[in-house]
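*Asks:* Dropping a prediction and its sequence here:
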Amino acid sequence: MNEEQGLRAPGRIGLSQSGFIATVTIENPGRRNALTVAMWEALQAVFADLRQSETLRCVVLRGAAGNFAAGADISEFEQVRATREQVTEFHEQCVSGALRAIHDLPVPVIALIEGACAGGGLEIASVCDLRIAGRGARLGIPIRLLGFPLALGEMEWLYRLAGPALTAELLFEGRMLDAQTAWAKGLLTDVVDDADVERRVQATADAIAQSAPLAVRALKRQLRRLMEDPSPVTREERLASYAFADTQDYRTGLRAFREKTRPEFIGR
């Protein structure tokens, strides 16, 4: 993986990595980081690439220049969403493909939310594992006057996070929630002062990166299983979850606990 990757003109998806933590940045500042078709495609490609990394432990997903993302770039709609065929391709391939790629990443993804987090931006945040926002952030899906509903496949992600009451409120009223209200309603993991949001996210990412990576991946896998599959956990699934006992990291953690030292996990 290169230290910096991205697409330009107009907008780009930036990627950088420091140690076990990658940062993906949505960049289209002139449009509050609204995503063009090329940016949706790049977002999908970047997360598909990250999925192949065996050393990655955490991803921070953020926007540039004080905003998370203000949704899809409406200036493209007449070119890329003029017909039913184009609309289908846009949602099924571009948007859903990117959301699925983020969701499927085996390590935790933290959304660092500042400023506008609207429409597709909130959809992106919804598929992240943690959502930490500055107090100045505003979240919502204000599409009620644009002449189209939220795509069903995309509504599914928001519904899983927000539940029926809040999803209905966001879509029918179309209002933007301030960060404190969004936290109180369960959309956000935490809200901090705008000046502290980067530090808060970095501390969270560092804590995840210092944890046993195989255990963190197992935690994410098990959480998603419980969230998305209503069927009871099977005996086979329960027995498979004890595979951690065969790992070197398990023995390392126990030894460090006994000796009151800091463990150095290697992912084996």
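*Replies:* Ah, there it is.
*Asks:* check contacts around the closest residue to Gly63 other than its chain neighbours.
*Replies:* Counting by Cβ to Cβ, 6 or more residues apart in numbering, Gly63 lies nearest to Asn33, which is 4.2 Å off, once chain neighbours are set aside. Every residue, glycine included, has its C-beta placed from N, CA and C. Going by Cβ atoms under 8 Å, 6 or more residues apart in numbering, Asn33 touches Gly11, Ile26, Glu27, Gly63, Ala64, Ala65, Asn67, Phe68, Ala69, Ala70, Ala116, Gly121.
*Asks:* Looks to me like Asn33 is in a strand.
*Replies:* No: assessed by DSSP: H, G, I helix; E, B strand; the rest coil, Asn33 does not belong to a strand; its assignment is coil.
*Asks:* In terms of pLDDT, where does it sit?
*Replies:* At Asn33 the predicted local distance difference test score is 97.
*Asks:* for it, phi and psi?
*Replies:* Per-residue torsions, Asn33: phi 60, psi 30 (degrees, to the nearest 10).
*Asks:* Likewise for Gly66?
*Replies:* Torsion angles at Gly66 (phi, psi; degrees, to the nearest 10) stand at phi 90, psi 10.
*Asks:* quick one: it and Cys117 touch, right?
*Replies:* No: here Gly66 lies out of contact with Cys117, judged by Cβ atoms under 8 Å, at a distance of 11.6 Å.
*Asks:* Of these two, which one has the most company?
*Replies:* When neighbours are counted by other Cβ atoms under 10 Å, Cys117 comes out ahead of the other of Gly66 and Cys117, with 35 against 15.
*Asks:* What helix or strand is that one located in?
*Replies:* Under the assignment given by DSSP states H and E, the secondary-structure element containing Cys117 is strand 116-118.
*Asks:* hang on, the earlier thing: how much space between the residue nearest to Gly63 and Val59?
*Replies:* Counting by Cβ to Cβ, to the nearest Å, the separation of Asn33 from Val59 is 17 Å.
*Asks:* pLDDT weak spots in the stretch 1-150 of the chain?
*Replies:* For the stretch 1-150 of the chain, the stretches flagged by pLDDT under 70 are 1-9.
*Asks:* which residues of it fall in strands?
*Replies:* Ranges of strands in the stretch 1-150 of the chain, per DSSP state E, counting those that start in this stretch, are 12-18, 21-27, 58-63, 109-113, 116-118, 130-134, 138-140.
*Asks:* So which other helices or strands are in contact with the last one?
*Replies:* Right, strand 138-140. The helices and strands touching strand 138-140, judged by 3 or more Cβ pairs under 8 Å, 6 or more residues apart in numbering; DSSP states H and E, are strand 116-118, helix 120-126, strand 177-178, helix 179-184.
*Asks:* And for the fifth one?
*Replies:* Counting contacts by 3+ Cβ pairs under 8 Å, 6+ apart, strand 116-118 packs against strand 138-140.
*Asks:* just to revisit the earlier point, quick one, which of the helices and strands packed on strand 138-140 is nearest to Ala101?
*Replies:* Taking Cβ to Cβ as the criterion, helix 120-126 is the member of the helices and strands packed on strand 138-140 that comes nearest to Ala101, at 10.7 Å.
*Asks:* I would like the residues contacting that closest one, please.
*Replies:* Counting contacts by Cβ under 8 Å, 6+ apart, the residues outside helix 120-126 that touch it are 26, 33, 35, 40, 43, 61, 63, 68-72, 95, 98-99, 102, 111, 113, 117, 131, 139-141, 154, 157-158, 160-162, 170.
*Asks:* Which positions within that helix qualify as buried?
*Replies:* Within helix 120-126, the residues that count as buried by 16 or more other Cβ atoms under 10 Å are Gly120, Gly121, Leu122, Glu123, Ile124, Ala125, Ser126.
*Asks:* got it, and stretch 52-63?
*Replies:* For stretch 52-63, the neighbour count (16+ other Cβ under 10 Å) marks Ser53, Leu56, Arg57, Cys58, Val59, Val60, Leu61, Arg62, Gly63 as buried.
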